[in-house]
Structure formats: structure tokens, C-alpha cells
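[1] Show me the folded form of this:
(chains A and B)
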There are 2 protein chains.
Amino acid sequence: MPVGTQGAVKATLHRDLGDAGAEIILGNTYHLFLRPGDDLIARRGGLHRFIGWSRPILTDSGGFQVFSLASRCVISDEGAQFQSHLDGARHVFTPEHTVDVQARLGSDIAMVFDQCVAYPATRDHAAEAMRRSVAWAARCRRRLLELQSEARPIEPTNPGQAQFGIVQGGAFVDLREESVDATVAIGFEGYAIGGLSVGEPIEVMYDIVARTAARLPAEQPRYLMGAGTPEDLVECVARGIDLFDCVLPTRNARNGQLFTSEGRLNIKNAKYAEDDRPVDPVCRCYTCVHHSRAYLRHLHMAGEMTGGALNTLHNLTFYLDTMRRIREAITFGTLDTFRQDFLRSVSRLSHDS
Amino acid sequence: MPVGTQGAVKATLHRDLGDAGAEIILGNTYHLFLRPGDDLIARRGGLHRFIGWSRPILTDSGGFQVFSLASRCVISDEGAQFQSHLDGARHVFTPEHTVDVQARLGSDIAMVFDQCVAYPATRDHAAEAMRRSVAWAARCRRRLLELQSEARPIEPTNPGQAQFGIVQGGAFVDLREESVDATVAIGFEGYAIGGLSVGEPIEVMYDIVARTAARLPAEQPRYLMGAGTPEDLVECVARGIDLFDCVLPTRNARNGQLFTSEGRLNIKNAKYAEDDRPVDPVCRCYTCVHHSRAYLRHLHMAGEMTGGALNTLHNLTFYLDTMRRIREAITFGTLDTFRQDFLRSVSRLSHDS
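    Numbers count the residues shown, from 1 in each chain, chains lettered A, B, ... in the order given. Prediction:
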């Protein structure tokens, strides 16, 4: 899922997302709640109609941004108090409130409110946040069912909204297992693994993903939040993950880092100044079909936002194409071969180094 | 002509320019000379190939930017000494040099190097700059012919490059007439009117345009440089102008000002926060077909560059559509009626005021 933080995937038009193969995008509840506000979006008919995107949208619960972006965040069992990073205004997010906000946004998939801990965390801290997240997940589910009942206190924009639970537990396998069991016991349409890609070693992440995904219901979507690199996509699908969101392809594009079938390429590098080749010779995106590395480097150096747009188009195409190729390999039963080939060519090291 | 200062029309992809109906774009010689350099562009096969744009390109001579943007500019009969606004490096532009730079860029239409004066200017100053511009125009023409001869000192990227002369003379009708006669006597493929849209009252501009255009060869393109508003397009075509360039549609788009069939619209205005209508109900551009004023306002307030891209797409479509409608009216002999209708609806006052 390309990340459309404030109702737009940065530096793209929806048409370009469609061309790149995006089937679903992510919207950030925290940002949209603060600006332009979930009430305004509900009056516009919901997020799909407001932003003019007719395909699926997943919204996060806002929790991650409250903890990472807002100031003076105070967490209690009740919820989180915080101040807006925009104007300092005070707000409270409770599990019930984030369900209501997402119901007004009318996304297709809503996420439960959870507490993510940084890495490394003590076992006590990870356990406390995980158990609080389970309690919050139960309250979120209760609220969603209430909103889908006759006696609903507010009118959801999208009555068929699905809700995903989130597994926490830091880097502690037994806490992750406890979280899976308790979250699955509540019962959701899908399950996410949260609290990874927060600074832990890659082996720790892969191990937690493998053990957690294996314990989650295989017939329901398993979503790894906030990951990752192209290699992470392949490695984590191999460990049971179906769905990802990540700002890497879009954010790095604006900073000049391009993902290719031959590894990463930093377009700022002087060696591309006279390079007439496309970013990726095997890519068929608009950028690679029409423009050279030399031109993209020039746009980046000149600070032209068209450069960010072209880079974004390429990176999203590369990510979405990687997922398409993974699905194909699964269909043909060749995921292991694909994975080995992919990791050999798309090495972790930049081909600039 | 949309303005593609540094080899890109800001906030657009070339595809969008094509969709908006752009048949020719303008590149700024000063900017491209400084970065990435005309030598590099020539090695890439010229500006068209470097930027991936196959339709016509007009390049200015760099003069206007040297006088307005560079620092410590010193003008003599020989040319202009200046320091780059990027890194302070010293450069000299002579008429011959700007012809060479544009020959390396390989644009379809090159402009002569001229000296533009601010408004108001004394008669002496305007006369001096005009006569110097005539002398420079003669040197530019001589150099172009040299580059098109067997004994050419450098290899032009586009051997069939056309060259336009530029009429100067400030707000003094007789100086403008002297400039027209002397410039036409040199002989160019087309003629531009320079030194307007520099702060003079609109009536002065229209009057100078009318008198100057009437004296220029009617069978050759007449180009008004650096103008203007949608009303200026209609008014100046009525006075004999064929070709325009202006940053207004693109720059104002990024600042949230939208041009519509009902006048100007400032998307920042709070009254658009819940306005589900398109920017312009009669416009068929991508932005108007897919998005509401409410969404565009949100993107602008949230600082999302997608907002600038969508606004730019609309404004360029409005400008190019206006030119298309003008051509149609000329074909049908209804320009006077069109002009009256257009000025009534697209009033000078914003419909926000």
C-alpha cells in the first residue's frame, strides 16, 4: 500500500498510482483527524469521495503518529492525551474515539488503536504495552459492532468497514504469542503485526514475523505494518505476510534514492550526470520509458518537484511490480527460486557504493 | 507556451502538458547554461532529447534573467558581465555567446540577446537600450548564419533552428517604431515584443502592443514576451499577437490561484473548505474531472505538492483552452463576440472578492 498520509500519496496524482498498479492505499487517521478533520470528510461523503479515489483505502488508528509525532503524549489505560504537532491543540484518543474517527472517514479497512514500543524495550514495558493493546483491541471491536448495530451512536460512512487487530509484544516471542492468541480470540477480519521496523536488527524482525505470522489464521490477511525494503517484501511474504505499507518508496524517491532490479541508485551521484540510460533498464514505468538518469539527476539537483514526482512513480512501480512478481511466483510454485534470484540482484548494497 | 525554466514545467510531467494541449514550451537559457550546462545538454543530443520532449521548444536568450536574477550585472556594448545567482561564478554573455548556447541547446526557436529596461525608464535610457538591442540583434543574426554555414565554428544541435528578433523601446511609440524597422531590416523568422509586462499600466501595454504588432510583418509570428493574464491573451491577439509565454498559470497555481471561466479563484479561501464542485464547472481537465475545490483546498493547506500539480494542470488547461477558443473564433470570424463574452465572464476581479 502506497502511503497517502494526508489524503494524497506525496508527489503523485491518483492516475499515476493506478498506472503503477496500486490497488489499495493507506491514509493516516492522525493527520486527517487534525486536518481537514473527520467531520468535514464525513460531510463530503467519506475519504474515497473527498479525495476522489475509488479503490480500497486502509486507515491506521492514529496511534503510531500520536506516539511519534504529537507532543506531550500521555498514555493511560483509558487512551492517549496529546497535543497536535500543527497547533498545539490538546486532544484525547481513546480506542472508541479512533474507531469513530475511522468510521467517519469510511475506509475499507480500519485498524485498532494500539500501543507500539520502541526497540529495545524492557520485557515489562513490552508486556504492559501489549496487554494494554489487547484490552484496547477488545474495546475497538466492541465499538465497531456497536456502530454496525441498529442502535449505532454515530452514522458510519462505510457500513461494511472491516477491522484488523494488531499484534504487539516487542522482540519477545512469548509476548507475541500471547498477543496473537488474545487478539485472534477477539476476532477480526484480518491481523497486523505492529511494533516492528522500529530499529531492531533485521534478523530479529524476520524471526518475529515468521513466528507471529505462523500463529495467525492463514485464511485471513496478515499485514506487516511500516515495512520495508524490497528485500523485506520478499522475505516477509516467504514468512507468511500478505500486505505491507511503507513510506520508503515515496520518501526515498523525493530524496533521490531509486530502487531498481540491480539495487539502489542514488540519483544525486555525479556519475549519473551524463548517463542516458533509464533508471532501470527492465522497468516499463512512465519515468523509465521517457526519461534518462541524466535528466532525473538534473531535476533533483535543480530542486524541481517534477523530479520527485518522476522518482516516486518509478519507486512505486518497482514496489508494486515486486509484489506482482511475488504473487506470480506463488501461483507457479516458484517463490523460493524467485526469492533467491531477487535477493542476488536487488542486493542490500547500493550499486553506487 | 508553458514555461519550462530548468527543462521542466514546474509540477508537471510532460504527459500532462500534452494532455493540457501544450504544443510548444519555453526553456530558459540562463538557467540551463548555469545548470546542467549547454555543453552537457549538447552531449545528450540537445534539449529535446535531454528532457524527453519531442514537440517544439523556444529558448529565450538569457538576457532577461541576467538582468533580473544574476548579481553584479554590468552591461556594455560588448555584452553583459554577471555573477551566477547559484554560486557567484562570473560569466559573460555576448550576443554571439547566447546564440552559441542556444545552438547547443538545439531549441526550435532561439531568441536574440536584448536589453530590457524597467518601467518607467527615461527616454534616453530606453533609446540607448533599444539601439544596443538592435546592434546585438544584428550580431546574433550574423552569428546564426555563421553557424548555419559550412565554416561553422561550433556544431549546432538543431541545424534548422529559427531565430526571432526582439523589439524594445519602452513605452515610447517612436522608439518602438524605430526598433521594429531596424529589427525587421535585419530579418528574422519571427518577431517578439520585449520589455512589456514590467510594471507599466495595462493601457500602456495594450497601446504599445497594438502599435508595434501593426508595424511587424503580418505573415510572420508575432510573440509578446512574458505576458500575461487570460484577458491579456484575448486582448493582445485582437491587437495582432500570435504567441505568448508566461509563468502566471504555473506560478499562481502553486500559490493556490486558479483561473476559471468565471474569474479567479483563490483555493486558500475558507469558503471552499466544503465546496464539492470542481474548480471550473465547464473545464474538462484531469483536476476538474476528478477533484473538488474542497480537496484542492485541503491539499494546499496541508502543503501537499500534489495540490500544486493538480492546480497547475488546471491553469495550463485553462490557458491553452483559451488560446484554442481564440483560434476557433478567428476561424469563424467571431473574435469580437468571443472577446466581449470572455471579458464579461473572466473578469479582472477574483470571484473571491
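[2] Which pLDDT value goes with residue A:235?
    The per-residue pLDDT reported for residue A:235 equals 97.
[3] Pull up the gap between residue A:1 and residue A:22, please.
    8 Å (CB to CB, to the nearest Å). The way it works is simple: take the backbone N, C-alpha and C, and place the C-beta from them, glycine included.
[4] residues in contact with the residue lying farthest from the centre of chain A?
    Largest separation from the mean C-alpha position in chain A: residue A:274, at 35.6 Å (CA atoms, centre = their mean). Contacts of residue A:274 were listed using CB atoms under 8 Å, 6 or more residues apart in numbering or on different chains, and they are A:294, B:40, B:43-44.
[5] For the residues you listed, give me CSV that also has distance to residue B:312 and pLDDT.
    Output for the contacts of residue A:274, formatted as CSV (distance: CB to CB, whole Å; pLDDT from 0 to 100):
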residue, distance to residue B:312, pLDDT
A:294, 24, 98
B:40, 27, 98
B:43, 30, 98
B:44, 26, 98
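[6] Out of those residues, which two sit at the greatest distance?
    A:294 and B:43 (9.2 Å; CB to CB).
[7] Please say which of those two ends up with more neighbours.
    Neighbour count, other CB atoms under 10 Å in any protein chain shown: between residue A:294 and residue B:43, residue A:294 has more, with 23 against 16.
[8] Give the buried residues for the helix or strand hosting that one.
    Using DSSP states H and E, the element containing residue A:294 is helix A:293-301. Going by neighbour count (16 or more other CB atoms under 10 Å in any protein chain shown), the buried part of helix A:293-301 is A:293-301.
[9] Redo those residues as a markdown table? Include distance to chain B.
    Shown next, in a markdown table, are the buried residues of helix A:293-301 (distance: CB to the nearest CB, whole Å):
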| residue | distance to chain B |
| --- | --- |
| A:293 | 11 |
| A:294 | 6 |
| A:295 | 6 |
| A:296 | 10 |
| A:297 | 8 |
| A:298 | 5 |
| A:299 | 6 |
| A:300 | 11 |
| A:301 | 7 |
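[10] for the stretch 1-150 of chain A, which spans come out with low pLDDT?
    Scanning the stretch 1-150 of chain A for pLDDT under 70 picks out no residues.
[11] Same list (the buried residues of helix A:293-301) but as a markdown table, adding distance to residue A:321.
    Formatted as a markdown table, those follow (distance: CB to CB, whole Å):
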| residue | distance to residue A:321 |
| --- | --- |
| A:293 | 19 |
| A:294 | 24 |
| A:295 | 22 |
| A:296 | 18 |
| A:297 | 23 |
| A:298 | 26 |
| A:299 | 23 |
| A:300 | 22 |
| A:301 | 27 |
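[12] Check the offset of the helix holding residue A:294 from the chain's centre.
    Relative to its chain's centre, helix A:293-301 lies at 28 Å (CA atoms, centre = their mean, to the nearest Å).
[13] ditto for stretch A:198-218
    16 Å.
[14] Quick check: end-to-end length of stretch A:180-198?
    Distance across stretch A:180-198, first residue to last, is 19 Å (CA to CA, to the nearest Å).
[15] so which strand or helix has the residue of the stretch 251-353 of chain A found nearest chain B?
    Proximity to chain B, evaluated over the stretch 251-353 of chain A using CB to the nearest CB, is greatest for residue A:306 at 4.1 Å. Using DSSP H and E, residue A:306 maps to helix A:305-332.
[16] residues in contact with the helix or strand following that helix?
    Moving toward the C-terminus from helix A:305-332, the next helix or strand (DSSP H and E) is helix A:335-345. For helix A:335-345, the external contacting residues (CB under 8 Å, 6+ apart) are A:230-231, A:234-235, A:237-238, A:261-263, A:322, A:325-326, A:329.
[17] Tell me the buried residues within those residues.
    By 16+ other CB under 10 Å, those give A:230-231, A:234-235, A:237-238, A:261, A:263, A:322, A:325-326, A:329 as buried.
[18] what number of residues lie near residue A:11?
    By other CB under 10 Å, neighbour count at residue A:11 equals 26.
[19] Tell me how far the spatially most central residue of chain A lies from residue A:323.
    Ranked by distance to the mean C-alpha position of chain A (CA atoms, centre = their mean), the top residue is residue A:245 at 2.3 Å. Here residue A:245 is placed at a distance of 12 Å from residue A:323 (CB to CB).
[20] Need phi/psi at the residue of the stretch 101-250 of chain A found nearest chain B.
    Closest contact between the stretch 101-250 of chain A and chain B, by CB to the nearest CB, is at residue A:250 (11.2 Å). As for residue A:250, its main-chain torsions (degrees, to the nearest 10) stand at phi -80, psi -50.
[21] from what I can see it touches residue A:3, true?
    Yes: using CB atoms under 8 Å, residue A:250 is in contact with residue A:3, at 6.3 Å.
[22] what about those two, which has more around it?
    Just comparing residue A:250 and residue A:3: by other CB under 10 Å the higher neighbour count belongs to residue A:250, 23 against 19.
[23] Please name every helix or strand in contact with the helix holding residue A:306.
    Using 3 or more CB pairs under 8 Å, 6 or more residues apart in numbering or on different chains; DSSP states H and E as the contact test, the elements touching helix A:305-332 are helix A:14-20, helix A:230-238, helix A:248-254, strand A:257-260, helix A:286-290, helix A:293-301, helix A:335-345, helix B:305-332.
[24] could you point out which element follows the second one?
    On the C-terminal side of helix A:230-238, the closest following helix or strand by DSSP H and E is strand A:243-244.
[25] Adjacent strands (with direction) for that next one?
    Here strand A:243-244 has these sheet partners by DSSP bridges: strand A:222-224 (parallel).
[26] For the partner strand, buried residues please.
    Those would be A:222-224, for strand A:222-224 by 16+ other CB under 10 Å.
[27] With pLDDT added, can I get those residues in a markdown table?
    Compiled in a markdown table, the buried residues of strand A:222-224 are given as follows (pLDDT from 0 to 100):
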| residue | pLDDT |
| --- | --- |
| A:222 | 98 |
| A:223 | 98 |
| A:224 | 98 |
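[28] and residue A:222, how far is that from residue B:225?
    Distance, residue A:222 to residue B:225, by CB to CB: 61 Å.
[29] hang on, I meant residue A:334
    61 Å.
[30] Counting neighbours, go ahead and name the busier of these two.
    residue B:225 (23 against 12).
[31] ok, so what distance separates the more buried one from chain A?
    23 Å (CB to the nearest CB, to the nearest Å).
[32] right, and residue A:100 touches residue A:154 too?
    Yes: Residue A:100 is within contact range of residue A:154, at 5.7 Å (criterion: CB under 8 Å).
[33] between these two, what contacts are shared?
    Common neighbours of residue A:100 and residue A:154 (CB under 8 Å, 6+ apart) are residue A:147.
[34] quick one, which of the two is more surrounded?
    residue A:100 (19 against 12).
[35] do the helix or strand that the more buried one is a member of and chain B meet?
    Counting by DSSP H and E, the element that carries residue A:100 is helix A:95-105. No: using CB under 8 Å from any CB of the partner chain, helix A:95-105 never reaches chain B; the gap is at least 13.1 Å.
[36] what's the answer for stretch A:64-75, then?
    No: Stretch A:64-75 does not reach chain B (CB under 8 Å from any CB); its nearest approach is 14.1 Å.
[37] what separates that stretch from the chain centre, distance-wise?
    Centroid separation for stretch A:64-75 versus its chain: 18 Å, with CA atoms, centre = their mean.
[38] Please save the CA atoms from it in CSV.
    Provided in CSV are the C-alpha atoms of stretch A:64-75 (Å, rounded to 0.1, in the frame of the first residue of the first chain):
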residue,chain,number,x,y,z
PHE,A,64,1.7,5.4,15.8
GLN,A,65,1.6,9.1,15.0
VAL,A,66,0.3,10.1,18.4
PHE,A,67,3.3,8.4,20.0
SER,A,68,5.9,9.6,17.4
LEU,A,69,4.7,12.9,16.1
ALA,A,70,2.4,14.6,18.6
SER,A,71,3.9,16.4,21.6
ARG,A,72,3.3,15.8,25.3
CYS,A,73,1.7,12.4,24.8
VAL,A,74,0.4,10.8,28.0
ILE,A,75,-0.8,7.2,27.8
